[in-house]
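S.K.: just the structure for this:
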Amino acid sequence: AVGTTLGVWAVIRDTAGYDLRLPVTWTSSNEAVATVSPGNGGAGVTGVSNGIVQVVGTVEGKSDTAVVAVGPAGTIVTLLLSPPSPTLVLTATVQLQAQARDDQGFLTPIDSTQVVWSSADASIATISKGLVTGIAGGTTTITATWNGHEATASISVVSLSFASISTSFQTTCGITLDHAAFCWGYGNDGELGDGQIEFEKLLPVGVAGGHKFTTVSKRGGGLACALDEGGAAYCWGSDGLPRSDDCINGPCDLSPSAVPGGLKFTTVDVGWFACGLGVDSLASCWGRNLYWGVLGTGDSTYVVTTPHAVIGGRKYIAITVGDAHACALTPAGAAYCWGFNGWGQLGTGDRDDSPQPRAVTGGLTFSSISAGGDHTCALTSAGAAYCWGYKAAQAVMQPLLVASANPFLALDVGDNGQKCGLTSVGTITCWDWRTRQVPDATGNFTTLSVGEETVCAVTAAHVGYCWGNNFYGHLGDGTTTDSNVPVKVLGQP
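M.R.: Coordinates of the predicted model:
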């Protein structure tokens with residue numbers, strides 16, 4: 001309609017079917033009827049007078065045309081707010097956009113300063129020029145009034161209490177006590193899971209779909225996976241399959257997608273591929289098979305989209321995934337590893353790659369195990385930590401005892417080989433950091449997760465903290481400033 005604006009976008013693909021990001025030149029065949037204004041990857045077409053116009057998009061000599069009909073301005077019949085029912089965490093903000101819809105169905109954005117805004121409960125959420133700020137946990141209604149028309153939006157503010165947190169080199173995800181998943185940090189790979197492609201989110205955002213998850217794994221590449229209360233596995237982000245490396249250059253899952261095959265799992269872990277343990281304690285893996293048989297399934301194909309059984313038929317109680325290798329523990333505590341072994345990360349006493357599980361040398365029995373990058377560490381039931389793999393440009397090909405004044409209750413290995421352990425006195429100590437040594441973190445921590453240069457941990461009171469590199473905002477403190485001491489993830493009381 002005259003005076004309204006609609007958006008047009010161009011989809012650009014190469015001969016292999018991959019989406020491309022290239023500048024588009026936009027033109028109108030008759031600017032007396034409609035004008036075109038480029039922006040945000042597309043263009044806005046604004047009606048000037050009644051008539052029909054051709055809008056042309058041109059890229060490197062190739063073009064396509066959209067035909068736009070402009071009619072008389074309609075009568076405003078209703079006011080709408082977008083998004084209509086957002087969820088945000090404490091201290092987070094969301095911008096509401098008021099739009100007027102006419103009797104022809106056309107939508108016209110309304111300047112937020114021309115709208116009268118109000119909150120039904122300002123103790124839960126405040127509103128200023130359409131910007132909502134979460135104050136306390138709960139729900140409230142935001143009302144917008146413009147030219148005699150009224151619209152409402154239902155606002156949910158979440159106060160986070162974490163059961164666990166999993167971090168990687170650029171994104172962090174956590175599970176709350178009520179089994180909701182939230183992610184923060186880098187989002188161009190879709191690993192935030194909120195249905196959007198975003199460079200970064202400095203505060204936790206809810207993973208889409210309303211799933212009730214019990215655990216989440218975020219490590220390695222752009223993939224995140226989680227288990228729901230029934231043991232079904234869901235993944236989101238860029239899975240590294242032969243489509244794209246990120247969501248900008250091709251399709252990926254912007255929200256949780258069920259893992260094919262219908263298997264039920266008790267645990268799942270991701271690196272540059274994914275593995276899980278079924279309810280029968282058997283291991284299966286899927287994803288990119290790389291070049292060393294990293295899946296351990298005997299598959300020769302580069303891509304395995306459905307979980308396949310790991311060779312050997314052994315029952316395991318734990319499984320962990322690094323960049324290009326995986327390890328698992330039997331009920332007796334024996335460790336087995338498979339995949340790439342260039343730095344001895346399989347712990348087999350040599351540097352031979354293996355497409356199937358091989359026993360870790362030394363005859364030790366372990367209660368937990370963690371792989372990350374080209375490294376592996378495991379704990380004995382007495383709390384002694386042993387590590388193997390890359391260390392100071394050398395290959396450690398068998399378990400090496402880690403010196404510690406206190407026994408470890410848990411440990412984790414990051415993408416770059418940084419290792420952190422949770423001690424029996426509730427402190428976390430880290431070692432083998434490539435760029436700097438993080439000071440020992442003191443506190444009553446119960447769980448921890450190590451990324452590339454980032455560490456996150458949860459206290460007994462279910463408060464989440466992160467520290468280290470914060471280039472993409474994946475510490476969750478609302479900034480991109482690095483921190484050598486634990487900072488509280490925002491959205492918590």
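
S.K.: where does the stretch 351-493 of the chain dip in pLDDT?
M.R.: Flagging of the stretch 351-493 of the chain using pLDDT under 70 yields the residue ranges 433-443.

S.K.: what about 80?
M.R.: The model of the stretch 351-493 of the chain has pLDDT under 80 over residues 392, 433-443.

S.K.: would you map the strands across it?
M.R.: 354-359, 368-372, 375-379, 385-391, 394-401, 408-413, 419-423, 428-431, 445-450, 454-459, 464-468, 483-488 (DSSP state E, counting those that start in this stretch).

S.K.: please name the nearest non-neighbouring residue to Thr167.
M.R.: Gly451 (4.0 Å; CB to CB, 6 or more residues apart in numbering). From N, CA and C alone the C-beta is placed, and that goes for glycine too.

S.K.: neighbours of the one you found, just the number please.
M.R.: Per other CB atoms under 10 Å, the neighbour tally for Gly451 reads 28.

S.K.: repeat for Gly61
M.R.: Neighbours of Gly61 under the rule other CB under 10 Å: 5.

S.K.: which SS class is the most centrally placed residue in the chain?
M.R.: Taking CA atoms, centre = their mean, the centroid of the chain lies closest to Glu191, which sits 2.7 Å from it. Under DSSP: H, G, I helix; E, B strand; the rest coil, the three-state class of Glu191 is coil.

S.K.: domain map for the chain?
M.R.: Taking automatic domain parsing as the criterion, the chain consists of the domains 5-70, 76-158, 162-488.

S.K.: just these: most buried one?
M.R.: domain 162-488 (a mean of 21; mean count of other CB atoms under 10 Å).

S.K.: how near is Ala393 to Gly417?
M.R.: Distance of Ala393 to Gly417, given as CB to CB, to the nearest Å: 11 Å.

S.K.: ditto for Gly221
M.R.: 17 Å.

S.K.: Ser85 too?
M.R.: 44 Å.

S.K.: just Phe471 next, same as before
M.R.: 19 Å.

S.K.: ok, Ala457 next?
M.R.: Counting by CB to CB, the gap between Ala457 and Gly417 amounts to 19 Å.

S.K.: likewise Val303?
M.R.: Computed as CB to CB, the Val303 to Gly417 distance reads 27 Å.

S.K.: got a list of what the residue nearest to the centre of the chain touches?
M.R.: Thr171, Cys173, Cys183, Lys218, Gly222, Leu223, Ala224, Trp236, Gly237, Ser238 (CB atoms under 8 Å, 6 or more residues apart in numbering).

S.K.: show me these that map onto strands.
M.R.: Mapping those onto strands (DSSP state E) picks out Thr171, Cys173, Cys183, Lys218, Leu223, Ala224, Trp236, Gly237.

S.K.: mind putting those in TSV, pLDDT and distance to Val11 included?
M.R.: Shown next, in TSV, are the ones in strands among the contacts of Glu191 (pLDDT from 0 to 100; distance: CB to CB, whole Å):
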residue	pLDDT	distance to Val11
Thr171	95	27
Cys173	97	30
Cys183	97	27
Lys218	89	30
Leu223	87	25
Ala224	92	26
Trp236	92	22
Gly237	88	22
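
S.K.: which one of those residues is nearest Phe340?
M.R.: Nearest to Phe340 among the ones in strands among the contacts of Glu191: Leu223, at 17.8 Å, using CB to CB.

S.K.: return the set of residues that bridge with the closest one.
M.R.: As for beta bridges, Leu223 partners with Gly237 under DSSP bridges.

S.K.: that one and Cys275 touch, don't they?
M.R.: No - using CB atoms under 8 Å, Leu223 is not in contact with Cys275, being 11.9 Å away.

S.K.: rewinding a little: quick one: the closest residue in space to the residue nearest to the centre of the chain that isn't next to it in sequence from Val321, how far?
M.R.: Nearest non-adjacent residue to Glu191, counting by CB to CB, 6+ apart: Gly237, 3.6 Å away. Counting by CB to CB, the gap from Gly237 to Val321 is 15 Å.

S.K.: how about Arg314?
M.R.: When Arg314 is compared with Val321 (using CB to CB), they lie 17 Å apart.

S.K.: one more: Asn50?
M.R.: 62 Å.

S.K.: got it, and Ile76?
M.R.: For Ile76, the distance to Val321 - CB to CB - is 56 Å.

S.K.: repeat that for Ile165.
M.R.: Per CB to CB, Ile165 is found 18 Å from Val321.

S.K.: which two among the contacts of Glu191 are spaced furthest apart?
M.R.: The farthest-apart pair in the contacts of Glu191, when distances are taken by CB to CB, is Cys173 and Ser238, at 14.7 Å.

S.K.: doesn't Trp292 make contact with Thr302?
M.R.: Not Thr; residue 302 is Tyr. No - Tyr302 is beyond contact range of Trp292, at 11.8 Å (criterion: CB under 8 Å).

S.K.: and the nearest residue to Val402 once chain neighbours are set aside, what is it in contact with?
M.R.: Take Val402 and drop its neighbours on the chain: the residue closest to it by CB to CB, 6+ apart is Ala385, 4.1 Å away. Listed by CB under 8 Å, 6+ apart, the contact set of Ala385 reads Cys377, Ala378, Leu379, Leu401, Val402, Ser404, Phe408, Leu411, Gly421.
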